[in-house]
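Engineer: Sharing a sequence plus its predicted fold:
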Amino acid sequence: MSEQYLRDLLSDFDIRSDISNAKIYPYGGGHINSTFLIEGNSKYILQKINTNVFKNPVELMNNIVLVTSHIKKKIEEAGEDPEKKMTSVVKAKNGDNMITDKNGDCYRVITFVNAISHETIEHSSQLYRAAKTYGQFQKMLADFPAEKLYEVIPHFHHTPNRFKNLEKAISENESGRLDSVRDDIEFALSYRDRIGEVVNGISDGSIPLRVTHNDTKINNFLFDRETDECICMIDFDTVMSGSLLYDFGDALRIGASSAAEDEVDLDKVHFCVEPFEQFTRGLLEELSGEITPRELELLPYSALLMTYEVGIRFLTDYLNGDIYFKTSYPEHNIVRARNQFKLVRDIDARMNDLNALVKKIHNELR
Ligand code: ADP
Ligand code: GN1
Ligand code: MG
């Protein structure tokens with residue numbers, strides 16, 4: 001995709017400000033889509049949607065428009081400017097939510113909220129503010145009709161299903177890398193009996209289904225450049241029915257890690273209690289009236305579960321030959337998997353402390 005190619009694509013979108021001299025460059029650290037910043041008088045995000053991952057981009061874009069419009073309406077009702085607090089999909093000139101080029105590739109333009117994301121956190125208070133933003137996101141979507149959402153990736157956070165995918169990847173050994181990851185596989189398989197709590201809770205009704213984000217890694221929260229206030233969430237590709245526990249756990253697996261998701265030196269990778277405490281406090285301040293006893297009980301477990309789940313997804317992708325996540329070098333996925341597994345060990349070792357901490361915060365807020 002040359003710069004000129006992207007510039008030509010932009011002329012098909014209904015962009016009202018002059019971007020004829022805008023600079024276009026790759027932006028952000030997402031693992032799925034190809035993201036570009038359009039920097040002219042106004043800024044925009046241009047993304048090539050990864051249609052290997054998202055097989056139904058029209059339905060996906062419809063979900064995003066429905067969810068962001070619903071949220072913007074709530075922001076407006078609260079007397080604030082929705083354009084400053086939430087992203088919008090910029091329509092194509094033909095009225096569609098995206099364009100499909102002659103190669104069948106799909107592109108979308110999203111407004112740029114004047115804020116930045118952090119790949120790792122710099123201060124644990126950022127997690128408190130992120131949790132508040134997440135809690136408000138939950139509240140704003142509480143009356144959203146979930147049946148209007150297309151299930152973009154079925155069983156996205158069904159961990160036992162992810163486990164089966166790992167077993168399949170092991171038996172197929174598509175990449176020929178199996179022998180080099182025996183220890184990692186042994187670790188992953190040892191959790192077989194401990195990964196069903198959330199899906200079981202959803203089945204028996206103790207865990208309610210809600211409209212959830214499903215990809216709450218910390219770089220999907222935007223923070224004000226100057227004040228570091230958490231402005232909003234982005235990356236609504238996976239908004240679907242799900243459990244609050246998915247979002248809680250997923251936010252903490254990077255948010256409470258001492259290091260980047262692909263830090264190679266595992267001595268530098270720890271699960272930190274302080275950001276966990278901050279996120280829990282922020283979330284419970286917003287949602288303690290809504291959260292069920294079983295959800296409350298499983299908050300620490302969900303950090304373990306979601307970190308484990310992503311770990312086995314990286315391992316699976318490594319065995320499959322790096323066909324899902326973007327990678328920058330051949331060992332990238334196994335480095336990520338080992339990093340996540342180090343966190344899993346750490347969370348597991350601290351589970352009693354984390355459980356006690358959640359109870360303490362809950363009691364304080366009652
Ligand atoms: P991916 O699915 O690949 O993660 P994202 O939509 O999360 O794609 O975008 C990748 C990164 O680009 C984000 O983590 C963030 O840094 C940046 N980004 C995306 N959309 C916006 C936006 N509207 N405003 C500001 N930054 C954005
Ligand atoms: C992907 O798109 P991004 O980079 O925000 C992935 C998440 C994983 C994450 C691991 C649609 O998130 O599920 O947790 O990588 N998104 C999708 O970092 O698979
Ligand atoms: Mg993202």
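Structural biologist: Yes, it's here. Just so we're clear, the structure is a prediction, and the values are computed from it rather than from any experiment. Ligands and ions are numbered 1, 2, ... in the order given.
Engineer: So for this protein, the centremost residue is which one?
Structural biologist: Centroid-nearest residue in the chain, with C-alpha atoms, centre = their mean: Asp215, separated by 1.9 Å.
Engineer: close enough to count as contact, it and Ile234?
Structural biologist: No: using C-beta atoms under 8 Å, Asp215 is not in contact with Ile234; the gap is 9.7 Å. Heads up, the C-betas are built off the backbone N, CA and C, glycines and all.
Engineer: For Thr35, give its distance to ligand 2.
Structural biologist: When C-beta to the nearest ligand atom, to the nearest Å is applied, the distance between Thr35 and ligand 2 equals 10 Å.
Engineer: Is ligand 1 within reach of the one helix or strand that residue maps to?
Structural biologist: Here Thr35 sits within strand 34-39, counting by DSSP states H and E. Yes: Strand 34-39 reaches ligand 1 (C-beta under 6 Å from any ligand atom) through Thr35.
Engineer: Tell me the neighbouring strands of that strand, and mark each as parallel or antiparallel.
Structural biologist: strand 23-26 (antiparallel), strand 43-48 (antiparallel) (DSSP bridges).
Engineer: and the last one with ligand 1, contact?
Structural biologist: Think strand 43-48. Yes: applying C-beta under 6 Å from any ligand atom, one finds strand 43-48 touching ligand 1 at Ile45.
Engineer: Report the rounded mean pLDDT for that strand.
Structural biologist: Taken as a whole, strand 43-48 carries a mean pLDDT of 97.
Engineer: Show me what it is in contact with.
Structural biologist: For strand 43-48, contacts defined as C-beta atoms under 8 Å, 6 or more residues apart in numbering pick out 1, 6, 9-10, 15, 19, 24, 27, 33-38, 87, 90, 105-112, 114.
Engineer: Out of those, list just those in strands.
Structural biologist: Counting by DSSP state E, the part of those found in strands is 24, 34-38, 90, 106-111.
Engineer: In CSV, list the residues you listed along with neighbour count and pLDDT.
Structural biologist: Conversion of those to CSV gives the following (neighbours: other C-beta atoms under 10 Å; pLDDT from 0 to 100):
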residue, neighbour count, pLDDT
Ile24, 21, 96
Ser34, 18, 97
Thr35, 16, 97
Phe36, 23, 97
Leu37, 16, 97
Ile38, 23, 97
Val90, 19, 98
Cys106, 21, 98
Tyr107, 23, 98
Arg108, 23, 98
Val109, 26, 98
Ile110, 19, 98
Thr111, 17, 96
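Engineer: out of the residues you listed, who's nearest Lys55?
Structural biologist: Set against Lys55, the nearest of the ones in strands among the contacts of strand 43-48 by C-beta to C-beta is Cys106 (11.0 Å).
Engineer: what about the closest one, distance to Ala92?
Structural biologist: 11 Å (C-beta to C-beta, to the nearest Å).
Engineer: likewise Asp267?
Structural biologist: Separation of Asp267 from Ala92 (C-beta to C-beta) stands at 49 Å.
Engineer: Neighbour count for these two, which is higher?
Structural biologist: The residue with more neighbours, out of Asp267 and Ala92, is Ala92; 18 against 8, by other C-beta atoms under 10 Å.
Engineer: Can you tell me the closest non-neighbouring residue to that one?
Structural biologist: Nearest non-adjacent residue to Ala92, counting by C-beta to C-beta, 6 or more residues apart in numbering: Ile99, 4.8 Å away.
Engineer: Touching, the one you found and Leu9? I think so.
Structural biologist: Yes: under the criterion of C-beta under 8 Å, Ile99 makes contact with Leu9 at 6.7 Å.
Engineer: tell me, what's touching these two both at once?
Structural biologist: By C-beta under 8 Å, 6+ apart, Ile99 and Leu9 have these common neighbours: Tyr107.
Engineer: the domain parsing of the protein - what is it?
Structural biologist: The chain is divided into the following domains under automatic domain parsing: 3-111, 125-365.
Engineer: Turn these into JSON lines, columns for distance to His118.
Structural biologist: Formatted as JSON lines, these follow (distance: least, C-beta to C-beta, whole Å):
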{"stretch": "domain 3-111", "distance to His118": "10"}
{"stretch": "domain 125-365", "distance to His118": "6"}
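Engineer: Pick the most deeply packed of those domains.
Structural biologist: domain 125-365 (a mean of 19; mean count of other C-beta atoms under 10 Å).
Engineer: Endpoints of it, how far apart?
Structural biologist: Length of domain 125-365, first residue to last, C-alpha to C-alpha, to the nearest Å: 18 Å.
Engineer: what mean pLDDT would you report for it?
Structural biologist: Per-region confidence: domain 125-365 scores 97 on mean pLDDT.
Engineer: ok, the residue of the stretch 101-250 of the chain at minimum distance from ligand 3 - contacts?
Structural biologist: The minimum distance from the stretch 101-250 of the chain to ligand 3, using C-beta to the ion, falls at Asp235 (3.7 Å). Applying C-beta under 8 Å, 6+ apart, we find Asp235 in contact with 30, 215, 220.
Engineer: Nothing else from me, thank you.
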